[in-house]
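Undergrad: okay, predicted coordinates and the sequence, questions at the end:
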Amino acid sequence: MASDEVKVIGAWASPFVMRPRIALNLKSVSYEFLQETFGSKSELLLKSNPVHKKIPVLIHADKPVCESNIIVEYVDETWSTSGPSMLPSNPYDRAIARFWAAYIDEKWFPSLKSILQAEGEEEKKAVLAQVEEGTALLEKAFIDCSKGKPFFNGEHVGYLDIAFGCFLGWLRVTELAAGHKVLDEAKTPSLSKWAEQFCNDPAVKPVMPDTATLAEFAKKIFAKPAA
Amino acid sequence: MAKKEDSVKLLGFWASPFSRRVEMALKLKGVPYEYLEEELPKKTPLLLELNPVHKKVPVLVHNDKILSESHVILEYIDQTWSNNPILPQDPYEKAMARFWAKFVDEQILPAGFMSLVKAEKGIEVAIEETRELIMFLEKEVTGKDFFGGKTLGFLDIVAGSMISFCLARAWECMGIDMISEEKFPGLNRWIEKLNEVEIVRECIPPKEKHIERMNKIIERTMSS
């Protein structure tokens, strides 16, 4: 009989890996964290995610679940009686949360990543403008979704908080490298407040890497000249 | 939840698999809707107003609620009209349906497209790569009528609209036998089963018009 054991295959620096870990913490589910070595992929990873060969992978009772946002929903639905729901119950509000999570992955994060890879001031400025435009949309989305409460999901950290908040460490590293703040009290007052509360949440704190360590790691992986 | 006085509008495009799949879901649930055709690539002021972030179809308007992104819309439809469920109940099965649906749009679609524009240049590699991806789906559907089991589900709607009634048309244009009977018996049987479902048939873009459009897109892409 398959045990009810939960494992997460991942890496400490990956924002995508943070997502299932925060979700499991929110549901008070204990799990074994299997750290991948940077630059190589374990047998277990290749076996559990043959399609993408990527982290994170959640293994629950020997069954793998892949794709970070899909894992978060799986955790929410499987341990539904433990802790608050990570998505609103109203179908429209759920749809809005999913919409913005998809936007973050398809548009916002890729443009954030390209700041670190931008060559020359012109390109950097252009990409920064894109990220700021996106962040302004998310500031408004936060106001709409939170309805005066501390998180996108209301009283508690939820799906969209996790989908966006996981990038805060990398956002800070990028801001430092670019010498430009994207999230600040003047431009994005609501998100700035939210960011602080998110990072201090007990489900998030243990898995959020500190900026200095992340910055060192970033230097290592972006050390080669941009292709 | 949903009431008799509900107003449902769908902004779509006849050749868009993303738009067609929303129609399939609405028809499956027996939800009456008003269809508004966008004449792409021209975008109406209504589309730009309703979907300022992406400026794309499909957009669903349910009473005063505006929704975009086909996967988001499908899940909304499933939760709002509970008859003929599209997603499985079991969280693991649900996660698998979502995973494969994402795979269809994010992996098979771009690879499928590459197999068209590279084919003329004689590169078999792109075609083989696409077949490798499609083989994952063959394994998922083998032994079943539909991905959803005995009846149409989320993945059938997503993969049906994208592969059988969109990419397959394009492959036919180019004379590519992508999903051969010999290598993909499960998927071929699935396509037959799909074609037997009336609401699916109603959502298939008209063949000649579709192939004509595909030819134009391929020509344009190759000359750029």
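TA: Looks like it came in fine.
Undergrad: in terms of helix, strand or coil, where does B:Trp171 fall?
TA: Using DSSP: H, G, I helix; E, B strand; the rest coil, the structure places B:Trp171 in helix.
Undergrad: so it touches B:Phe165, yeah?
TA: No - taking contacts as CB atoms under 8 Å, B:Trp171 lies outside contact range of B:Phe165: 11.9 Å. Bear in mind the C-beta positions are built from the backbone N, C-alpha and C, glycine included.
Undergrad: okay, those two: which has more neighbours?
TA: Each of B:Trp171 and B:Phe165 has its neighbours counted (other CB atoms under 10 Å in any protein chain shown); B:Phe165 has more, 24 against 21.
Undergrad: could you list the low-confidence segments of chain A?
TA: A:1-3, A:223-227 (pLDDT under 70).
Undergrad: ok, the spatially most central residue of it to B:Ala126 distance?
TA: Residue closest to the mean C-alpha point of chain A, counted by CA atoms, centre = their mean, is A:Cys166 at 2.7 Å. Look at A:Cys166 and B:Ala126: by CB to CB, to the nearest Å, they are 34 Å apart.
Undergrad: how about A:Gly169?
TA: Distance of A:Gly169 to B:Ala126, given as CB to CB: 37 Å.
Undergrad: ok, those two, which is more surrounded?
TA: Counted by other CB under 10 Å, A:Gly169 and B:Ala126 do not tie: A:Gly169 has more neighbours, with 23 against 19.
Undergrad: quick one: that one and A:Ala212 touch, right?
TA: No - applying CB under 8 Å as the test, A:Gly169 and A:Ala212 come out as separate, 10.4 Å apart.
Undergrad: between the two, which contacts overlap?
TA: Residues touching both A:Gly169 and A:Ala212 by CB atoms under 8 Å, 6 or more residues apart in numbering or on different chains: none at all.
Undergrad: now do the helices in chain B.
TA: In chain B, the segments counted as helices under DSSP state H are B:17-28, B:45-50, B:70-80, B:91-103, B:109-117, B:124-141, B:154-159, B:168-173, B:185-196, B:198-201, B:207-223.
Undergrad: dump the C-alpha coordinates for the first one into PDB.
TA: Same thing as helix B:17-28. The C-alpha trace of helix B:17-28 is given here as PDB (Å, rounded to 0.1, in the frame of the first residue of the first chain):
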ATOM      1  CA  PRO B  17      -9.200  26.800 -31.100                       C
ATOM      2  CA  PHE B  18      -9.200  28.800 -27.800                       C
ATOM      3  CA  SER B  19     -12.600  30.200 -28.700                       C
ATOM      4  CA  ARG B  20     -14.000  27.000 -30.100                       C
ATOM      5  CA  ARG B  21     -13.200  25.100 -26.900                       C
ATOM      6  CA  VAL B  22     -15.200  27.600 -24.800                       C
ATOM      7  CA  GLU B  23     -18.200  27.000 -27.200                       C
ATOM      8  CA  MET B  24     -17.800  23.300 -26.700                       C
ATOM      9  CA  ALA B  25     -18.000  23.700 -22.900                       C
ATOM     10  CA  LEU B  26     -21.100  26.000 -23.100                       C
ATOM     11  CA  LYS B  27     -22.800  23.600 -25.400                       C
ATOM     12  CA  LEU B  28     -21.900  20.600 -23.300                       C
END
